[in-house]
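Colleague: below is the sequence, then the predicted model.
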Amino acid sequence: MASQQPNILLIMNDDMGYSDIGCYGGEIMTPNLDRLAGKGVRFTQFYNTARCSPTRASLLTGLHPHQTGIGVLVDNDGPEGYAGTLNDRCVTIAEVLKESGYRTYMSGKWHIVNDVVNSNDAWPRQRGFDRFYGIIIGAVSYYSPTTLTRENENVEREALEDDDYYITDAISDEAVKYIREHHERNSGEPWFQYVAYTAPHWPLHAREEDIAKYKGRFDKGWDKLREERLERLVSMGMIDPAWKLTERDPSQPAWEDADDKEWRARCMEVYAAQIDRMDQGIGNILQTLEETGQLDNTLVIFLADNGGCAEELRASMGDFLIQYHMATRETKNGETVLFGNRHDYMPGDEQTYQSYGVAWANLSNSPFRLYKHWIHEGGISTPLIMHWPGKVANEGSLRHTPGQLPDIMATILEATGAKYPETYKGRDILPLEGTSLLPLLEQDGMDRGPLFWEHEGNAGVREGKWKLVRKYPDAWELYDMELDRTELHNVAAQHSDRVARMSAQYEQWAERCRVVPREKILSIGSAVAAAFNEE
């Protein structure tokens, strides 16, 4: 007899902006995500934590990232809260669900452990997953990924010996395999599967047949396309027409003044192709669920780990990327990898290692300000789609209630009936920070407390319609999210009492959640900060 507990399929992708996919106003063809949105709900004001590792830690544990040991990335920036490795004061969704009889599977990117070479207590199999296939580090070649792991064993050789290997396909294929094997062998038990795509994180690597779909699609340039995205978002009801489009990033030229337009357009074409391929894989997963009769009993959740990434890769970063297991010096055919955003080589194949840069990230995050790293809306706003047949009122509708990552654990707990523990394997566990989103499947609107963020000194508080936000090391800014979600009109001077009260709330939260002041972290130093020339 089939289990009455629902299966849980949690899908997250990497470095994708708020408005890239079709059902959030973008040009990229994502029919499978659009289908989930059409039969589920889309959240318009759901937030991540602005960076890869902290988001993954918060998503999987229901805590704020600093509480889990992931204060910045996976570098040991010490002190406590910044060890760069998932600590023993938290439990993952997989660990909790295993206690309630779930089988647990993961394919994709881990990136919440400091030691990415030697299996240890913070690797997936040791943190609750029965099966694991993917990468341990944060970025890799899509054709020959480093730290590629099956269970606890390095399997980089599998990719090197496969001329057709592409990691997005491999992540999807492994997820499909887990579903089929579970159906054949363990059909009486519910399952939890976490699918963590690396797409569309740099490097810009995509299959030519996918890139070809987007030839000429971005030739209008970032200025015109940003305006068109805003129009679509308004028409969808996702963006209030009163919220005006932010200005183009001041560091970037108008499209009409940009040089090397063919190369620049190609960057966005490859980026789009990476997302397109991921959507194809999600389609394969959904088809497998249908073929095995499991889709109706599966809660599907999709989101992104941070906003679009404005990091510009430089040729000088090659040695750093190799040293930190994010690249190799040669392709599998022995060609020298060409690091950096070189305009003399079109991105896409294995020999290149490029990013799409500031101007296209500005498009990805339309209509918002800033990018990955920052707590302004462009950095933390993510698409969130929830699909659960028979549980959604008004399929295809929108939910405007704000939420953030710890809510995902709380939602899954309510959906499955699993209990969050006070202790786990003899150790005390910090209390859950999130609020279940399940009531929002029925109708919008839910009372909740303030939301908090901190990353690299960038910080924020969202309380009702008000958002207090800081771009480190600048002063606090205050925005009315009902009138001005694109954060164009700072009203901090007019509401000094509110700024004082909300900043005091932030300080109390930061102390409770073990946030270390940015000045102290900078005094310790970080290899990643130096490599990316952080300002």
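Modeller: Sure, I can see it. Numbering: from 1, shown residues only.
Colleague: remind me which residues of the protein are low pLDDT?
Modeller: Counting by pLDDT under 70, the low-confidence segments of the chain come to 1-3, 78-81, 525-535.
Colleague: state which helix of it is the longest.
Modeller: Under DSSP state H, the helix in the chain containing the largest number of residues is helix 261-291.
Colleague: of all the residues in it, which ones are buried?
Modeller: By neighbour count on 16 or more other Cβ atoms under 10 Å, the buried set for helix 261-291 is 263-286, 288-289. C-beta: built from backbone N, CA, C; applies to glycine.
Colleague: same thing with stretch 255-262?
Modeller: Of the residues in stretch 255-262, those with enough neighbours to count as buried (16+ other Cβ under 10 Å) are 255, 258.
Colleague: hmm, who's touching it?
Modeller: 219-224, 264, 343, 359 (Cβ atoms under 8 Å, 6 or more residues apart in numbering).
Colleague: which ones are touching the residue nearest the centre of the chain?
Modeller: For the chain, the residue whose C-alpha lies nearest the mean C-alpha position (Cα atoms, centre = their mean) is Asp305; its distance is 1.3 Å. Taking Cβ under 8 Å, 6+ apart as the definition of contact, the neighbours of Asp305 are 12-15, 48, 51-52, 55-56, 59, 382.
Colleague: ditto for Phe129
Modeller: Contact partners of Phe129, counting by Cβ under 8 Å, 6+ apart, are 94, 104-106, 194.
Colleague: tell me which of the residues you listed fall in helices.
Modeller: The subset of these located in helices under the criterion DSSP H comprises Ala94.
Colleague: if we only consider the contacts of Phe129, which is nearest to Tyr143?
Modeller: Met106 (21.8 Å; Cβ to Cβ).
Colleague: nearest to Ala459, of the contacts of Asp305?
Modeller: Looking at the contacts of Asp305 and their distance to Ala459, the nearest is Arg51, at 13.2 Å (Cβ to Cβ).
Colleague: the closest one and His373 touch, don't they?
Modeller: Yes: at 6.3 Å, Arg51 and His373 qualify as touching, with contact defined as Cβ atoms under 8 Å.
Colleague: who has more neighbours, those two?
Modeller: Between Arg51 and His373, counted using other Cβ atoms under 10 Å, the more crowded position is Arg51 (26 against 22).
Colleague: next, count neighbours for Ala196.
Modeller: The number of residues packed around Ala196, counting by other Cβ under 10 Å, is 24.
Colleague: number the residues from 446 up from this point.
Modeller: Fine by me, first position is 446 from now on; the one you just mentioned is Ala641.
Colleague: not counting residues beside it along the chain, what's closest to it?
Modeller: Distances taken as Cβ to Cβ, 6 or more residues apart in numbering place Gly553 nearest to Ala641, at 3.1 Å, with adjacent residues excluded.
Colleague: rewinding a little: could the contacts of stretch 700-707 be laid out in TSV, adding distance to Glu676?
Modeller: Supplementary listing: those in TSV, determined by distance: Cβ to Cβ, whole Å:
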residue	distance to Glu676
Asp664	18
Lys665	13
Gly666	16
Trp667	15
Asp668	13
Lys669	11
Arg709	23
His788	31
Ala804	19
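Colleague: need the buried ones from these selected in ChimeraX.
Modeller: Applied in ChimeraX, the following selects the buried portion of the contacts of stretch 700-707 according to 16+ other Cβ under 10 Å:
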select :666,667,668,709,804
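Colleague: re earlier: and which of the contacts of Asp750 is nearest Ser586?
Modeller: Distance from Ser586 was checked for each of the contacts of Asp750 by Cβ to Cβ. The minimum falls on Asp459, at 14.2 Å.
Colleague: may I ask you to confirm that that closest one is in contact with His646?
Modeller: Yes: applying Cβ under 8 Å, one finds Asp459 in contact with His646, separated by 4.0 Å.
Colleague: what touches both of those two?
Modeller: Listed contacts common to Asp459 and His646 are Cys497; contacts here mean Cβ under 8 Å, 6+ apart.
Colleague: tell me how far Ala804 lies from Glu472.
Modeller: Taken as Cβ to Cβ, to the nearest Å, the spacing of Ala804 relative to Glu472 amounts to 15 Å.
Colleague: need phi/psi at Gly633.
Modeller: Main-chain dihedrals, Gly633, degrees, to the nearest 10: phi -80, psi 0.
Colleague: burial of it, as a residue count?
Modeller: By the other Cβ under 10 Å criterion, the neighbourhood of Gly633 contains 9 residues.
Colleague: for Gly862, same thing?
Modeller: Summarising burial for Gly862: neighbours were counted as other Cβ under 10 Å, giving 10.
Colleague: wait, it touches Gln450, no?
Modeller: Yes: in this structure, Gly862 is within contact of Gln450 by Cβ under 8 Å, at 6.6 Å.
Colleague: okay, and the common contacts of those two?
Modeller: Shared contacts of Gly862 and Gln450 (Cβ under 8 Å, 6+ apart): Ser545.
Colleague: and the gap between the closest residue in space to Ser552 that isn't next to it in sequence and Gln739?
Modeller: Nearest residue to Ser552, sequence neighbours excluded (Cβ to Cβ, 6+ apart): Glu619, at 3.9 Å. Glu619 sits 17 Å away from Gln739, taking Cβ to Cβ as the criterion.
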